[in-house]
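K.L.:
I'd like to go over a predicted model; first the sequence, then the structure.
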Amino acid sequence: MTEFLSFLMNGVVLGLIFAVVALGFTLILGVMQVINFTHGILFALGAYFAFSMQKHVGFWLALILAPLLVGVVGWLLERLVIHRTYGGNPLFGLLLTFGLAMALEEVIRMVWGKAGYSVAAPRFAAGSLDLGFMIYSKYRLLLAALAILIILLVWLFLEKTPYGAIIKAGASDAEMVMALGKNLPRMRTFVFAIGSVLAGVAGVIAAPIWSVRPTIGTAILMPAFVIVVLGGIGSFWGSVLAGLIVGVSTSVSVMFWAQISDIIPYVIMTAVLLFRPRGLMGEKSVLEV
Amino acid sequence: MEKKGSTRISRRTFVKGAAAGVALLGSGAPPVIRRALAADPIYIGVVSPASGNYADHGMMERLGMQMAAEEFKDKGVLGRPVKLVVEDDETDPQVAARKARRLVEVEKIKYLIGGVSSSVAVSVGEVAQRYGALYIASNQNSDTLTAQYARRCVFMVPPDMAMALRTQAPYLLEKVGKRWYFFTHDYEWGWSGTKWARIILQKAGGTDLGESKIPLNTRDFSAFLLKARAAKPDALVITVGGVDLAALMEQMHEFGTYKETTLVMTLINLEDLWAVGPGKMEGIYWMEWYHEIEAPGVKEFVARYKKRWPGAPIPVPTANTLNGYIGVRELLRAVDRAGKDDVTAVIKALEGHTVRDSLKHDPIFIREWDHKFVWASYVVRSKKPDQMKDRADFAEVVRWAPGKDTVRTREENPVNLGPYPGQ
């Protein structure tokens, strides 16, 4: 039982990281109807910016500055390129962001090189902690706390601020929002930048446990996509719930049958979609066009 | 002389244009076309990972291959220049087989080299055998390539996992307790490492506490580490490689695994240590080669590498670099010895040959009956950061064994390579 509890807790922590990665993805997909394949590379950029900054400014300042810088990259991407696909077939956005992701991965190789690097966890969170029923990584506990904080902040922003209300309104009826005098193009740019910041912050906090290398963006994209589809496109709590399901199932499956740990999220997604084609908490989305 | 306003091309302009065209073709056209135009180079098809789990290893082996090819730049081989044609195998056996087939079938290349993943090496080896090409597996370590997958057209440069564990065994059994838990990368090479570790443990009367088979491309190892911890082993014996190993090492440090058990890597590469950085590794490892060993020619080789690749991501050559270098060099020397550009003749020139300048403590002997390069390998202990003289100085060599003392005998591995190509 103690062993099961430790696997369960580890899964919850893992799920919280996945949920943060997926939040930005689902926000952009739900609000802007863009299947943003650059999300993984924005995650990678967050990790790389943090890797470069931490030596100079430390963990906490890098945790703030690196995602903001990723937000600027996201803002530029949207303003310069991605906005041209609005109103067209969603596949245009998908193909464009897919190409951009590949190009940006090469940029990462050019700037930081092909080899991987280790990113140090903050000194106070290095090593492990005895929780009584298990010994666990201090950094992962910190990471879980940060993930919960980020999830709550994003929720408060979307639910309790006027900007959040406009974003949600824009997602359900863009024309009406424009008719009411709101600047929809600016709102879309803002949402893309916020989604990028979320990808960046996930990259920063995940870097010390997964290390940085040019391919980490591609590696995280598929789990993020699975979580968003499983949770339901555009559903905030759906993504959090799906992230936890993926994390817990991956962790607990190792206890019983390790070889299936990497396919279990896909099995669960398939099973859920058979009965709920829009995912656990999803509504009609761009994928149904 | 051209008439003013005429569109006719003068003889001189034509000759210049044709020369430029031929020059362009020479650099950019496929080998099959270039062969018809130029001084008929000896082409070597390099099937090596530039992406996927072993991209870092592939990059380092290609640097060594290039160094070897450049040694023949002036004199050539059989009076002909040498050219490497590189393809990314993406660390994927199906992709590798497709690209190898294209090199052999379309480009008409007779010699192939490369392959870090053992699954890739097996698939390229099968292509080579089918089409009568010669394949040098430069960096895969599974013992199966010279056993059930042994073929007349395939040679294996690095020491295999049987040699790895036999080199490590005396040191491990003396320094570490006998309750072992295994982490196995879930493919050909991983199985091979755990199999030989288990044989050693069994012979020593130790306790096998179980095994976690780790899927390729796993990024988060926390659950596996919890499972291993529950078994309370004296040693966690790990056969995991590439990017996955770097992530695993990172997380073992994070979980403090090295404080509770001795970490034993049945094989580690400098690329993985470099990715993780100093201070996060503690344990006993097997390495095929290390740039600090005191063997003849090593200092000069390291100096040459540094001079040739001043901006390389890793500032010293790794075992992958050495194996890539030796593979290309010995292949070209064999073509020279054979006196003709013919696969069967080159296979015969390699079989039973001894290489004195191996850059290890013993010469290489290329066995004719299983095509194994037999040479030394090394057991190392990790250094603490304050013991390292530079960022690449991760390890201290604690033991080495000559290849002939650890390699499987013919009785242990009775293989039949079959007929020579075309016979």
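P.N.:
Yes, it's here.
K.L.:
isn't there a helix covering residue B:209?
P.N.:
No. Using DSSP: H, G, I helix; E, B strand; the rest coil, the secondary structure at residue B:209 is strand, not a helix.
K.L.:
Which secondary structure elements does whichever strand or helix holds residue B:227 sit against?
P.N.:
Assigned by DSSP states H and E, residue B:227 falls within helix B:222-230. Packing partners of helix B:222-230 (3 or more Cβ pairs under 8 Å, 6 or more residues apart in numbering or on different chains; DSSP states H and E): helix A:2-32, helix A:236-257, strand B:179-185, strand B:207-214, helix B:242-255, helix B:257-260. Any C-beta I mention is one placed from the backbone N, CA and C, and that applies to glycine too.
K.L.:
Sheet partners, orientation included, of the helix or strand following it?
P.N.:
With elements assigned by DSSP H and E, the helix or strand that comes after helix B:222-230 is strand B:235-239. Strand pairing for strand B:235-239, using DSSP bridges, gives strand B:179-185 (parallel), strand B:262-265 (parallel).
K.L.:
Let me have those in CSV, extended by mean neighbour count and mean pLDDT.
P.N.:
Formatted as CSV, those follow (neighbours: other Cβ atoms under 10 Å in any protein chain shown; pLDDT from 0 to 100):
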stretch, mean neighbour count, mean pLDDT
strand B:179-185, 25, 95
strand B:262-265, 24, 93
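K.L.:
quick one: which of the ones you listed is nearest residue B:234?
P.N.:
Closest to residue B:234 of the strands paired with strand B:235-239, according to Cβ to Cβ: strand B:179-185, at 4.6 Å.
K.L.:
Distance from that closest one to the middle of the chain?
P.N.:
24 Å (Cα atoms, centre = their mean, to the nearest Å).
K.L.:
next one: stretch A:149-168
P.N.:
Distance, centroid of stretch A:149-168 to centroid of chain: 16 Å (Cα atoms, centre = their mean).
K.L.:
got the CA coordinates for it in PDB?
P.N.:
Extracted C-alpha coordinates of stretch A:149-168, given in PDB (Å, rounded to 0.1, in the frame of the first residue of the first chain):
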ATOM      1  CA  LEU A 149       0.100  28.200  -8.200                       C
ATOM      2  CA  ILE A 150       0.300  28.700 -12.000                       C
ATOM      3  CA  ILE A 151      -2.900  26.800 -12.600                       C
ATOM      4  CA  LEU A 152      -4.700  28.900 -10.000                       C
ATOM      5  CA  LEU A 153      -3.300  32.200 -11.400                       C
ATOM      6  CA  VAL A 154      -4.400  31.300 -14.900                       C
ATOM      7  CA  TRP A 155      -7.800  30.300 -13.700                       C
ATOM      8  CA  LEU A 156      -8.200  33.500 -11.700                       C
ATOM      9  CA  PHE A 157      -7.100  35.500 -14.700                       C
ATOM     10  CA  LEU A 158      -9.700  33.800 -17.000                       C
ATOM     11  CA  GLU A 159     -12.600  33.800 -14.500                       C
ATOM     12  CA  LYS A 160     -12.100  37.000 -12.500                       C
ATOM     13  CA  THR A 161     -10.700  39.600 -14.700                       C
ATOM     14  CA  PRO A 162     -12.400  41.600 -17.600                       C
ATOM     15  CA  TYR A 163      -9.600  40.400 -20.000                       C
ATOM     16  CA  GLY A 164     -10.500  36.800 -19.200                       C
ATOM     17  CA  ALA A 165     -14.100  37.500 -19.900                       C
ATOM     18  CA  ILE A 166     -13.300  39.000 -23.300                       C
ATOM     19  CA  ILE A 167     -11.000  36.100 -24.100                       C
ATOM     20  CA  LYS A 168     -13.700  33.600 -23.300                       C
END
